[in-house]
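Undergrad: Pasting the sequence and the predicted coordinates here, then a few questions.
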Amino acid sequence: AQSVTQLDSQVPVFEEAPVELRCNYSSSVSVYLFWYVQYPNQGLQLLLKYLSGSTLVKGINGFEAEFNKSQTSFHLRKPSVHISDTAEYFCAVILTNAGNNRKLIWGLGTSLAVNP
Amino acid sequence: NAGVTQTPKFQVLKTGQSMTLQCAQDMNHNSMYWYRQDPGMGLRLIYYSASEGTTDKGEVPNGYNVSRLNKREFSLRLESAAPSQTSVYFCASSNNLRQGGSPLHFGNGTRLTVT
C-alpha cells in the first residue's frame, strides 16, 4: 500500500541546535515531495517542495530537504533552530503508480518543540 | 490577497443539527479540498473538487456532502452532526490536481465541536 512515514512523532531540541525531521515514502513510479509547517491554531503552509532537478531543495525559514531516491526519503533539516520554529511539520508526497494514477498522501506529522 | 478563507472559525453543534462550512479562494485555483485533522491521525481527505463542476469522495466522506458553487467557493455540509465529527476542518486549494506537483494552500481551519 502507498504510504508516507514520519519516523518521529515528537522531536524536542534546544534552541540553536541542528534538527532533522525524517520522512520516508513507499516506492513509486514518480514522486513530488512537500514539507508543510503548521503553527498553533493555524492552517498548513508550504515550507518547500521537490518536483525535479537538484535533490537538495531550500525552503523558507532556513529549512532544507534532500530527496534520496534510493532510500525513498525526503528528510527535513535546519542547522540552527529558533524558538519560533516550534510547530507541527507534515511530509506529503504525490505518488504515481504504474497505471499513472496520482495520489497525495500525508504523513502523520512531527511535533517539533524548541526549548530555550 | 486573502488566499483561502474559511468561515466560521469556531462552531458548537448538538448531535443531529446541521451546518455548512464555507470556503472561498481568490487565487484562481482549479482544485479545492476539504480535510479533517484529528490528534494522532494527521490529515484525512473528506471530499475534493478537481475542477469547477466536479466533486469526488476522499478517504472519509460518510456524513458529509459538498458543493462546488463556482470556481472560488467549495462548501462542506454536515446534514446530521455526530460527536465523531468533532474535529478541525481545513479547506485547501491548488492550481491543478491533474497536473501533479501543485502545492496546497490552506485556510486557517474551522474548529467544530459536536456535543
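TA: Nice, I can see it. Just so you know, these numbers come straight off a predicted model, no measurement behind them. Residues are numbered from 1 along each chain as shown, chains lettered A, B, ... in the order given.

Undergrad: alpha carbons only for contacts and neighbour counts from here, please
TA: Fine.

Undergrad: Tell me who's in contact with residue B:4.
TA: By Cα atoms under 8 Å, 6 or more residues apart in numbering or on different chains, the contact set of residue B:4 is B:23, B:24, B:25, B:26, B:91, B:92, B:93, B:105, B:106, B:107, B:108.

Undergrad: Excluding chain neighbours, give the residue nearest to the first one in space.
TA: Nearest-residue entry for residue B:23: residue B:6, 4.6 Å, with adjacent residues in sequence omitted and distances by Cα to Cα, 6 or more residues apart in numbering or on different chains.

Undergrad: same check, this time on the third one
TA: Counting by Cα to Cα, 6+ apart, the nearest residue to residue B:25 once its immediate chain neighbours are dropped is residue B:4, at 4.4 Å.

Undergrad: and the residue of chain A positioned farthest from its centre, helix, strand or coil?
TA: In chain A, the residue that sits farthest from the middle, by Cα atoms, centre = their mean, is residue A:99; the gap is 26.0 Å. Assigned state for residue A:99: coil (three-state reduction, DSSP: H, G, I helix; E, B strand; the rest coil).

Undergrad: Which secondary structure element is home to the residue nearest the centre of chain B?
TA: The residue lying closest to the centre of chain B (Cα atoms, centre = their mean) is residue B:34, at 2.5 Å. Here residue B:34, judged by DSSP states H and E, is contained in strand B:31-38.

Undergrad: does the helix or strand that contains residue A:20 come close to chain B?
TA: Following DSSP H and E, one finds residue A:20 within strand A:19-21. No: using Cα under 8 Å from any Cα of the partner chain, strand A:19-21 stays clear of chain B, with a minimum separation of 15.9 Å.

Undergrad: Could you report the neighbour count for residue B:51?
TA: For residue B:51, the count of nearby residues is 18 (other Cα atoms under 10 Å in any protein chain shown).

Undergrad: residues in contact with it?
TA: Contacts of residue B:51 by Cα under 8 Å, 6+ apart are B:30, B:31, B:32, B:71, B:96.

Undergrad: biggest separation within the residues you listed, which pair?
TA: Farthest-apart pair in the contacts of residue B:51 is B:71 and B:96; separation 12.1 Å (Cα to Cα).

Undergrad: Now the common contact residues for the two.
TA: Taking Cα under 8 Å, 6+ apart as the contact rule, residue B:71 and residue B:96 both touch B:29, B:30, B:51.

Undergrad: For the second one, the count of nearby residues, please.
TA: I take that to be residue B:30. Counted with other Cα under 10 Å, the neighbours of residue B:30 add up to 18.

Undergrad: For it, give its distance to residue B:55.
TA: From residue B:30 across to residue B:55, the span is 12 Å (Cα to Cα, to the nearest Å).

Undergrad: wait, doesn't residue A:90 sit right on residue A:108?
TA: Yes: counting by Cα atoms under 8 Å, residue A:108 is a contact partner of residue A:90 at 6.8 Å.

Undergrad: what does chain B have sitting close to chain A?
TA: With Cα under 8 Å from any Cα as the criterion, chain B meets chain A at residues B:40-43, B:90, B:100-101, B:103-109.

Undergrad: now chain B, which segments are flagged as low pLDDT?
TA: For chain B, the stretches with pLDDT under 70 are B:1, B:97-100.
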